[in-house]
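Colleague: mind folding the following:
(chains A and B)
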Amino acid sequence: MGAGSLIVLIICGIAFAGGGILLSKVLAQTSTNAQKGQAYECGVPTQGRSWIQLNVGYYLFAILFLIFDVELVFLYPWAVVVREAGWMAFLEIVIFLFILFLGFLYAHKKGALKWM
Amino acid sequence: MLSIAGIANSIHQWLNETFSSGWATLLEFVLVGILVISFFAFLGLVLVFMERKVSAYMQLRVGPNRVGYKGLAQTLADTIKLVVKEGLTPDGADKFLFNFAPFLVLIASMLLMAPIAFAKDFQIWDINIGVLYITAISSISVIGVLMAGWSSNNKYSLLGAMRSGAQIVSYELSAGLAIMTIVILAGSIRLSDIIASQENGWWIFKGHIPAIIAFVIYIIAVTAETNRAPFDLAEAESELTAGFHTEYSGMKFALFFLSEYVNIFIVCAIGATLFLGGWMPLHIGHWEGFNHIMDFIPSSLWFMGKTFFLIFLIMWFRWTFPRLRIDQLLNLEWKYLLPISLFNLLLVTFIALMGWYF
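Modeller: Have a look, this model is predicted:
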């Protein structure tokens, strides 16, 4: 089956999730009271806002991930043809990974990989 | 011989003979849709039951044994319970994103079903960039997780989602590099080609040292990617209640739960396909008699057996290793797994170019 199967799968996903939620809307009993819509925390009312600034550490990991993930995408076409391309491709990837690894070491030295 | 591909082919032929080609294609799509949805539901029921039974026997308990024969209907009863529960949306939540997140997570795991080869010649779509497709689609689900955590307007959810996001994106790297090892050895990113290349032995045996390193890294990385113990920081019950789905209830929670288990199945299926040969029976080089005997076991059984073995392995980890701290978790990935898998990539290229594999 061709690319049409992706549309089928997306429709399946929507149908499955939507059908389930709709079914529970029909079957489930509902009731309302003042406390019910509050955030589920410790039993006492929530202190302050929940949409807060988070530690910058997460952001650094996201940036590092982005760098390495783009590199990974570059590697896919290389990986498919490397056996035909021979030793030249090996040399090139050694240089490529070496430069990448230097950047990784720099991030490590600067403490980007340290938590908090 | 009766095979799943044969049945699918005869259905395809029958449809094309009986109806015009447009209607036949449409009916095929409907059939595939029904199959995928029922397979999804079946997986959810089986895997949750399996998880509970495996956990129970590892702790010297019996596990669920009241509903149905040996408790087999337990998950069905749980599903009915979840359906008749009220699906609550908290007052402070971002209502659209809150309700959209379960859809996104479910659709992502549903899309991943497309390139998996369930049996010989039995794939929904034999896409020519199969491996790339899998890595691309599997990174969508992290958006759903972040969406769910952020829109709940709850501190536990937000923290759980951020942790989960950091964890999933980190471990995706080593999982991708481990997959790349097999791509280099097989020389193709089409899944059926990768399976076909394992006809005289699975890559974990043929690729010896680098393939085994890659396999171990892959299993560790997918355990973390699916947020399973010992890497289940995103929903560490004792500190974050339930992580990103704290505020979800009823069917919306069930959808998260289901897609979590289906994701485990999918990553194990991909692991089995790449390293353990997918539906390919255990073949050893030129041992014709042995290979012939192994061919008698149906290909779907091989695939399911390998996949469920890997799933069992991941369930086993849960009761073997204590949970890591978040900094230990990120250290493990960035300071150990990533450099090792980069080095492994060079090693496997060297071995592939020297022809030192079987």
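Colleague: quick check: closest non-adjacent residue to whichever residue of the stretch 251-358 of chain B sits closest to chain A.
Modeller: At 3.4 Å from chain A, residue B:327 is the closest residue in the stretch 251-358 of chain B, using C-beta to the nearest C-beta. C-beta here means a position set from N, CA and C on the backbone, and glycine is covered the same way. Spatial nearest neighbour of residue B:327, chain neighbours left out: residue A:115 (3.4 Å); criterion: C-beta to C-beta, 6 or more residues apart in numbering or on different chains.
Colleague: the longest helix in the chain is where?
Modeller: Went with chain A since none was named. helix A:56-85 (DSSP state H).
Colleague: could you do chain B instead?
Modeller: Longest helix in chain B, counting by DSSP H: helix B:21-58.
Colleague: ok, the spatially closest residue to residue A:64 that is not a sequence neighbour - contacts?
Modeller: Leaving aside its sequence neighbours, residue A:64 sits nearest to residue A:107 (C-beta to C-beta, 6+ apart; 6.1 Å). The contact partners of residue A:107, by C-beta atoms under 8 Å, 6 or more residues apart in numbering or on different chains, come to A:60, A:64, A:113.
Colleague: name the SS class of residue A:107, please.
Modeller: helix (DSSP: H, G, I helix; E, B strand; the rest coil).
Colleague: pLDDT wise, what is it at?
Modeller: With respect to pLDDT, residue A:107 has a value of 85.
Colleague: can you give me the neighbour number for whichever residue of the stretch 101-250 of chain B sits closest to chain A?
Modeller: Going by C-beta to the nearest C-beta, chain A is nearest to residue B:107 of the stretch 101-250 of chain B, at 3.5 Å. Residue B:107: 23 surrounding residues under other C-beta atoms under 10 Å in any protein chain shown.
Colleague: wait, it touches residue A:13, no?
Modeller: Yes. In terms of C-beta atoms under 8 Å, residue B:107 counts as a neighbour of residue A:13; the distance is 3.5 Å.
Colleague: just checking, the residue nearest to residue B:327 touches residue A:57?
Modeller: Yes. If you go by C-beta under 8 Å, residue A:115 and residue A:57 touch, sitting 6.0 Å apart.
Colleague: first to last residue in stretch B:90-100, what's the distance?
Modeller: 14 Å (C-alpha to C-alpha, to the nearest Å).
Colleague: do that stretch and chain A meet?
Modeller: Yes. If you take C-beta under 8 Å from any C-beta of the partner chain as the test, stretch B:90-100 does meet chain A, through B:90, B:91, B:92, B:99.
Colleague: show me which of these are buried.
Modeller: Among the residues of stretch B:90-100 next to chain A, those scoring as buried are B:90, B:92, B:99 (criterion: 16 or more other C-beta atoms under 10 Å in any protein chain shown).
Colleague: quick revisit: tell me which other helices or strands the host helix or strand of the residue of the stretch 101-250 of chain B closest to chain A touches.
Modeller: Following DSSP states H and E, one finds residue B:107 within helix B:95-111. When contacts are defined as 3 or more C-beta pairs under 8 Å, 6 or more residues apart in numbering or on different chains; DSSP states H and E, helix B:95-111 packs onto helix A:4-27, helix B:130-138, helix B:141-151, helix B:250-275.
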